[in-house]
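Q: Using only what follows, build the 3D model:
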Amino acid sequence: MMSMGLIAVGSAILMLGFDIGYGWILAGLILTLGALYNAAKPKEDFIEDERSVRNKEKAGYHAFNTMFMLIIIFTVVLYETVRRLWKGCRYSRRDRI
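A: Below is the predicted model of the structure:
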């Protein structure tokens, strides 16, 4: 359903004269092909065994730790950048001379 909506929105945007409509249409076609691919799979392919469940649990755990560390690093970098900008903008040019 969503893929058909993307194709329709892309066509409408394209009619308005914006080239970004091609991207919307392409995204809709890719979603349609993905849905058809998943619909053609046998039901047995979707049943998971214990090993794949354990691998997904471990991957989720490591992904959470990685994202947590990245958020901390980006927060520190953002804080330092704002602090340096604030420190540099506190005085006008006339006061520095």
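Q: Pick out the residue nearest the middle of the chain.
A: Met67 (13.3 Å; CA atoms, centre = their mean).
Q: Sticking with it, tell me its helix or strand.
A: helix 50-89 (DSSP states H and E).
Q: Please apply the same query to Glu48.
A: Per DSSP H and E: nothing holds Glu48, as it lies in no helix or strand.
Q: Skip the chain neighbours and tell me the closest residue to it.
A: Lys56 (7.9 Å; CB to CB, 6 or more residues apart in numbering). For the C-beta atoms, the positions are set from N, CA and C on the backbone; glycine is no exception.
Q: Look up how far Met67 lies from that neighbour.
A: 16 Å (CB to CB, to the nearest Å).
Q: cool, Gly88 as well?
A: Taking CB to CB, one finds Gly88 at 32 Å from Met67.
Q: Same check on Arg51?
A: Distance from Arg51 to Met67, by CB to CB: 25 Å.
Q: How many residues are close by Thr32?
A: The tally of other residues near Thr32 (other CB atoms under 10 Å) stands at 15.
Q: you'd agree it is up against Met2?
A: No - counting by CB atoms under 8 Å, Thr32 does not reach Met2; the two are 9.5 Å apart.
Q: The helix holding Met67 packs against which elements?
A: Taking 3 or more CB pairs under 8 Å, 6 or more residues apart in numbering; DSSP states H and E as contact, there are no helices or strands that helix 50-89 lies on.
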